[in-house]
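Student: Everything below, folded, please.
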Amino acid sequence: MIGPVGPVGALGVLGPIGAHGYKADENGEYRDVLGNIQMTYNVPYDTTTNRSFDLYQNYGANYAQSHILDTSFMVQDDLCNSPKQTSRYTFISAYNQIVSVVVVPTNQNSVLLLTLTNNLGVIIATSTMTADTVNFMLFTSHLNETYTVTVTTTHNAPSTEYRLFVTGSYSYLNQNNMVGTYILTSLN
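Tutor: Numbering: from 1, shown residues only. Next comes the predicted model:
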């Protein structure tokens with residue numbers, strides 16, 4: 001399962017409550033005992049090989065909006081703190097992989113919308129369900145491509161606080177058996 005509750009998501013071993021042993025600083029970056037920023041964690045795969053995975057950071061909103069991130073992060077924000085009730089997060093994909101983007105409002109009656117653009121500003125996807133659902137996207141990203149996800153709200157939202165989860169599958173887990181019109185299999 002690719003997403004916030006999967007093995008490489010926010011609740012997995014690479015996330016804030018994971019067993020990686022690093023402490024997060026005030027921005028959400030993990031630091032080792034010497035104070036060096038740690039972005040990945042190596043795990044033994046077999047007797048001769050290790051595999052490297054991105055750590056899943058819980059970034060502060062201002063930090064996340066002002067940096068280019070990887071495909072392994074979450075952020076909590078409130079659109080009432082943002083100009084035009086819009087927040088943008090830019091990330092780069094280090095692999096050809098499946099990426100899950102999920103926005104979860106803290107108020108069940110709030111409607112938060114997602115827009116995904118490429119590095120040229122071309123809209124690739126939108127998730128604009130307006131009732132009784134959480135907006136999400138599942139798309140196939142390309143190696144070293146940069147994307148921006150924008151979170152907006154409807155004008156009548158009772159609350160604009162949310163959590164955004166961006167979760168990449170890595171090159172090791174880049175297949176799924178899900179089908180439907182909501183899944184983008186190629187980006188033009």
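Student: How many residues are close by the spatially closest residue to residue 44 that is not a sequence neighbour?
Tutor: Distance criterion Cβ to Cβ, 6 or more residues apart in numbering; nearest residue to residue 44, sequence neighbours excluded, is residue 50 at 5.7 Å. In this view, the C-beta of every residue, glycine as well, is placed from N, C-alpha and C. Residues contacting residue 50 under the criterion other Cβ atoms under 10 Å number 10.
Student: Residue 40 is in contact with residue 50, correct?
Tutor: No - counting by Cβ atoms under 8 Å, residue 40 is not a contact partner of residue 50; they are 10.5 Å apart.
Student: Name the SS class of residue 84, please.
Tutor: Here residue 84 is recorded as helix under DSSP: H, G, I helix; E, B strand; the rest coil.
Student: where does the protein have low pLDDT?
Tutor: Residues of the chain that meet the criterion pLDDT under 70 lie in 1, 81-83, 131-132, 155-158, 174-188.
Student: In the chain, which residue sits furthest out from the middle?
Tutor: Largest separation from the mean C-alpha position in the chain: residue 47, at 31.7 Å (Cα atoms, centre = their mean).
Student: Three-state assignment for residue 62, please.
Tutor: Residue 62 - assigned by three-state DSSP - is helix.
Student: Just give the number of residues close to it.
Tutor: 12.
Student: Roughly how far does it sit from residue 110?
Tutor: From residue 62 across to residue 110, the span is 21 Å (Cβ to Cβ, to the nearest Å).
Student: ok, now how distant is residue 150 from residue 88?
Tutor: In this view, residue 150 and residue 88 are 5 Å apart by Cβ to Cβ.
Student: list the contacts for the residue nearest to the spatial centre of the chain?
Tutor: Centroid check for the chain by Cα atoms, centre = their mean gives residue 166 as the closest residue, at 1.1 Å. By Cβ atoms under 8 Å, 6 or more residues apart in numbering, the contact list for residue 166 reads 69, 71-74, 89, 91, 99-101, 149.
Student: where's it, which helix or strand?
Tutor: Using DSSP states H and E, residue 166 maps to strand 161-168.
Student: just checking, residue 29 touches residue 37?
Tutor: Yes - with contact defined as Cβ under 8 Å, residue 29 and residue 37 form a contacting pair (5.0 Å).
Student: So if I had to pick from these two, which one is more boxed in?
Tutor: Legend: neighbour count by other Cβ under 10 Å for residue 29 and residue 37, higher for residue 29 (19 against 12).
Student: Bridging across strands, which residues link to residue 38?
Tutor: Note on residue 38: beta-bridge partners by DSSP bridges are residue 30.
Student: and it, what is it in contact with?
Tutor: So residue 38 contacts 20, 22, 30-32, 55 (Cβ under 8 Å, 6+ apart).
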